[in-house]
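K.L.:
Return a 3D structure for these sequence lines:
(chains A, B, C and D)
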There are 4 protein chains.
Amino acid sequence: MQLGMIGLGRMGGNMASRLKECGHSIVGFDMNPQSVRDVDSLEALVGALNTPRAIWVMLPAGGPTDSTIKALAALLDKGDVIIDGGNTHYSDDIRHAKELEPFGIHFMDVGVSGGVWGKERGYALMIGGSEEDYQHCLPIYESLKPEGEDGLVLAGGVGAGHFAKMVHNGIEYAMMQGLGEGYATMTHSGLIENPGAVVASWRHGTVIESWLLDLLARALEKDPDLESMPPVADESGEARWMAQIALELGVPVPATAAALFARQTSRGGSDDVLKVVSALRAQFGGHVTKD
Amino acid sequence: MQLGMIGLGRMGGNMASRLKECGHSIVGFDMNPQSVRDVDSLEALVGALNTPRAIWVMLPAGGPTDSTIKALAALLDKGDVIIDGGNTHYSDDIRHAKELEPFGIHFMDVGVSGGVWGKERGYALMIGGSEEDYQHCLPIYESLKPEGEDGLVLAGGVGAGHFAKMVHNGIEYAMMQGLGEGYATMTHSGLIENPGAVVASWRHGTVIESWLLDLLARALEKDPDLESMPPVADESGEARWMAQIALELGVPVPATAAALFARQTSRGGSDDVLKVVSALRAQFGGHVTKD
Amino acid sequence: MQLGMIGLGRMGGNMASRLKECGHSIVGFDMNPQSVRDVDSLEALVGALNTPRAIWVMLPAGGPTDSTIKALAALLDKGDVIIDGGNTHYSDDIRHAKELEPFGIHFMDVGVSGGVWGKERGYALMIGGSEEDYQHCLPIYESLKPEGEDGLVLAGGVGAGHFAKMVHNGIEYAMMQGLGEGYATMTHSGLIENPGAVVASWRHGTVIESWLLDLLARALEKDPDLESMPPVADESGEARWMAQIALELGVPVPATAAALFARQTSRGGSDDVLKVVSALRAQFGGHVTKD
Amino acid sequence: MQLGMIGLGRMGGNMASRLKECGHSIVGFDMNPQSVRDVDSLEALVGALNTPRAIWVMLPAGGPTDSTIKALAALLDKGDVIIDGGNTHYSDDIRHAKELEPFGIHFMDVGVSGGVWGKERGYALMIGGSEEDYQHCLPIYESLKPEGEDGLVLAGGVGAGHFAKMVHNGIEYAMMQGLGEGYATMTHSGLIENPGAVVASWRHGTVIESWLLDLLARALEKDPDLESMPPVADESGEARWMAQIALELGVPVPATAAALFARQTSRGGSDDVLKVVSALRAQFGGHVTKD
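P.N.:
Sure thing, here's the model as predicted:
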């Protein structure tokens, strides 16, 4: 089917390529004039598409996505559909859908997993919106998802797609933290001769078989002590949102939170906490009494 | 090769079967006279094996394993090897090896993963001991492990096998907790129509592809709200040992600990903690001021 | 000085009494016609005060406070000041101040600690607003705070008062959780004959001397095993807000989060997490292999 | 009464001074010939005391305490009592008592809180041993404890004293961490003009009134941004022991553990965990897709 794609960066560009290979008619636009884009303005993009139009927005969450959806609201017609495939907070999806409703413009949110591997492996898609819109855009979704039966779900109404992706990322954080904790326990034990070999051995027959484990085995094969890796990591929002929302819902998420805290600490977030601990120890003589 | 197997319960029995199917000569013994055993005493087991003997002990950790190793020490000859495939604490392995050393009896520890699925999928084996003993028993290990290249590792000297298995279980706990936290966040959100469908969709193309995720999807297919599942879980030792040792090593394992704490809490372990919180709130008027 | 007080419940009523005893002229209003109120409408309250008026709103956060501030905006004059002493989220304070600005109505937020003990011990006050407004209302603040030099602070601009109180509550949660964890470790040890006696002994000469410890000693004196206390506790918002904001700020707050999670778990919040753990264990045979 | 004191460092020396000032007859010994000691050997110490002797051992836990108790076992007579006032693990106390039993030598363990402030404020003492031995040594304990009724407890049999002190330290860790988390949330908020002033204001009328809060207020008064304080802190054993034992007892201690993890992380303990996170992100393209 015909699809407008706004945002031709690493993710959007790869997705557009995959869709073209599947025979879809993609009209791509990017703000960056240096990009290989099919049209050079939002207006031209809208003009190049037949109604009812389907336009995929693949931009950084927040400002860029907000302003683009606002601009599209003024250009599109009743019955057109905007698909936000970025990392938008689900509550912004709900707001976007409400803002578009008076114009009769439909809205779907799509959580996309797959990263740079997606072009090859396919992208897992978690979708929020109406059943009708879902069916309308299904040819696109079917082409993006991995071959086989899984990797695509209509998770619920507007917002549910990004909510599901957010939860996916929370789980990802907990899994990565768990792998890190296990690896570090081995490296500090002085008992395990080659932690990388142990990790590799876990790839089959264990309870923890997983893609992340495969990736860790691969990384350790190239760099057995992970010397090239910095002991710091950012957290990019979605797992944090999950923790904040879970707190609101009254659902304890200590493992997810632990993963977030570890990353934030690696960025210096705990420095003032430790300064207080040091100050208190200095006050009551901790340096002396080892209390 | 020839192997004595002590302990023919679910795990030991299945492993003996798999080994027999692979053409090994297994002499099985179990304390339970009702079991299908080949010999009816430890003495008979030892008598039935050619030297140097290899005997696999597959018993509950602690007392049963301790007393059996002690009994074997008196029966075996120099050059024989005892393999402990149970869930023994790695520090007990090191003690066992030291106790057997004066007798010239070799010792290996094997962490086994696979559970009831192992008979079919193969067992992942993490092994501690000498390179020489490892090579000697390799035919057994090769037959037990999953077909293909992974699932078997000589992790280091005595103790390293159970240490690696212990770490594996810690990772398993963190992964399970992470999946649980994600699922619960979805069920409480009121936004996700069918959490089970979302979980199933994650099986391909996502970062969290894993065997545990597959199992969760399967469980949710049969029981979409997990109504048949109790909201309680025991913790059986190995992940706890990992947390205790990591504390000793100075390696923070907050996600693993979170998983342990969640299980211990489900068994009532936090009741006295909460009673204190309640008592304090009652004291300062929390019931009234919602402080 | 003259002060209007809206909300004469346990907190507002006690505070009005304390202020009257200090010689201030308090005009009290409550929505509840059964309360001992001085006027029977907001309009009457406003009419009874000289300009520039000072009105203290002591109502539940959210709807009741919101609607009352909105109603006052229509009744008050330029230069009047509204003081919100409830448990409002600091971001709502900032919104309220902005909404009142076009009317020239000043706004202060006051975090109040003290609960039912405050009438006797005095209330600790954390205040947000301008230095000018602070000086204007200082007679009120001076009368409410505990005698002596501490217990009163202008924490910063609008919102800072409730922010500081929110942080105070987060610390309170961590302290209470820490006390609970220590007590429970003693009760489960089988080694401490009388945990209450130990707690009482800590009241002097230790690093953990604190009012909460005093309260715990008092509670244990009356009820040595806390048998009358339920092993459940609600969390009432402010500590949760702190955790959510800290996540946003990149400040790891694992101890505060632990306290929140413990309370949420006691209310059943982790049930679905544990159901997943149980389901996974059932799938891979955990019941059998104790994995 | 008469008391031998072994170990005249900061703690032992101060305690000996306090006891002398109270009129007790103290015979002090220290391995260090430079110290101001009354006798120059263990033998001389034993010879200088009347039977039944009471000897207080105030040495680093582990080796020094172990070897001294062993040496005393050979020198003392039936009915003498050894008091271990160091930071010994309670399980070692139980072992020491068993080792001394055949000689008829009594044993008590005393957890001491107070640090460098103890000489002035008095030392809180948590004691393990028999009621009889407790009564015998009570004059010493009464002189060491803070004046007034609290600060001294016979917590239970041998081991209970150090167990109670260990729990005290766990609570201390949670409280310090909670204070640090609160302070850091304020400093990062940009909303609190002077966090130190807020902390100082909390000293009266709040729920978190405590000695640690007093100390923090004092530290912030001298160094408002804690610039002189390092963002790192060691953990010295007792809180870690509590966490390990609580894990064994099935008592979740997430706040205590959080405090430990924060300190261990500040010492680089999480570096390998984060390297794994970084490696995984590099593998799945995290740097690019901000996943």
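
K.L.:
what's residue A:175 in contact with, if anything?
P.N.:
With CB atoms under 8 Å, 6 or more residues apart in numbering or on different chains as the criterion, the residues that contact residue A:175 are A:210, A:212, B:174-175, B:178, B:208, B:210. All C-beta atoms are positioned from the backbone trio N, CA, C, and that covers glycine.

K.L.:
what's the angle from the helix or strand hosting it to helix B:160-189?
P.N.:
When elements are defined using DSSP states H and E, residue A:175 is found to belong to helix A:160-189. Comparing the axes of helix A:160-189 and helix B:160-189 via axes from the mean of the first three to the mean of the last three CA atoms, to 10 degrees yields an angle of 160 degrees.

K.L.:
Summarise which helices and strands the helix or strand that helix A:160-189 is followed by is packed against.
P.N.:
The helix or strand immediately downstream of helix A:160-189 is helix A:195-201, counting by DSSP H and E. Counting contacts by 3 or more CB pairs under 8 Å, 6 or more residues apart in numbering or on different chains; DSSP states H and E, helix A:195-201 is packed against helix A:160-189, helix A:211-222, strand B:124-128, strand B:152-156.

K.L.:
The longest one vs strand A:124-128, what angle?
P.N.:
An angle of 140 degrees separates the directions of helix A:160-189 and strand A:124-128 when computed by the same axes, to 10 degrees.

K.L.:
what mean pLDDT would you report for helix A:160-189?
P.N.:
Averaging pLDDT along helix A:160-189 yields 98.

K.L.:
swap in the second one?
P.N.:
Helix A:211-222 shows a mean pLDDT of 96 in the predicted model.

K.L.:
Ok, stretch A:264-278 next?
P.N.:
97.

K.L.:
That stretch near chain B at all?
P.N.:
No. Stretch A:264-278 does not reach chain B (CB under 8 Å from any CB of the partner chain); its nearest approach is 9.1 Å.

K.L.:
what about dumping the CA coordinates of that stretch to PDB?
P.N.:
What follows is stretch A:264-278, C-alpha atoms only, in PDB (Å, rounded to 0.1, in the frame of the first residue of the first chain):
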ATOM      1  CA  GLN A 264      21.700   6.600  36.800                       C
ATOM      2  CA  THR A 265      24.400   5.900  39.400                       C
ATOM      3  CA  SER A 266      26.900   5.200  36.700                       C
ATOM      4  CA  ARG A 267      26.200   8.700  35.400                       C
ATOM      5  CA  GLY A 268      27.000  10.200  38.800                       C
ATOM      6  CA  GLY A 269      23.400  10.400  40.000                       C
ATOM      7  CA  SER A 270      24.300   9.000  43.500                       C
ATOM      8  CA  ASP A 271      27.200  11.300  44.100                       C
ATOM      9  CA  ASP A 272      25.300  13.600  46.500                       C
ATOM     10  CA  VAL A 273      23.800  10.600  48.300                       C
ATOM     11  CA  LEU A 274      27.300   9.300  49.000                       C
ATOM     12  CA  LYS A 275      28.500  12.700  50.000                       C
ATOM     13  CA  VAL A 276      25.900  12.600  52.700                       C
ATOM     14  CA  VAL A 277      27.000   9.200  53.800                       C
ATOM     15  CA  SER A 278      30.600  10.400  53.900                       C
END
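
K.L.:
Could you list the residues in contact with it?
P.N.:
Here stretch A:264-278 makes contact (CB under 8 Å, 6+ apart) with A:231-235, A:261, C:249-252, D:176-177, D:179-181, D:183-184, D:187-188, D:216, D:226, D:229-233, D:262-263, D:265-266, D:270, D:274.

K.L.:
related to what we said a few turns ago, now list the buried members of the contacts of residue A:175.
P.N.:
With neighbours counted using 16 or more other CB atoms under 10 Å in any protein chain shown, these contain these buried positions: A:210, A:212, B:174-175, B:178, B:208, B:210.

K.L.:
wait, which of the helices and strands packed on helix A:195-201 is closest to residue D:135?
P.N.:
Residue D:135 lies closest, by CB to CB, to one member of the helices and strands packed on helix A:195-201: helix A:160-189, at 46.9 Å.

K.L.:
Buried residues of the closest one, list them for me.
P.N.:
Judged by neighbour count (16+ other CB under 10 Å), helix A:160-189 contains these buried residues: A:160-189.

K.L.:
pLDDT below threshold where in chain A?
P.N.:
Under the criterion pLDDT under 70, the flagged ranges of chain A are A:149, A:286-291.

K.L.:
mind running it again at 90?
P.N.:
Judged against pLDDT under 90, the low-scoring parts of chain A cover residues A:10, A:33-36, A:114-121, A:147-150, A:205, A:236, A:284-291.

K.L.:
Alright, I will stop here.
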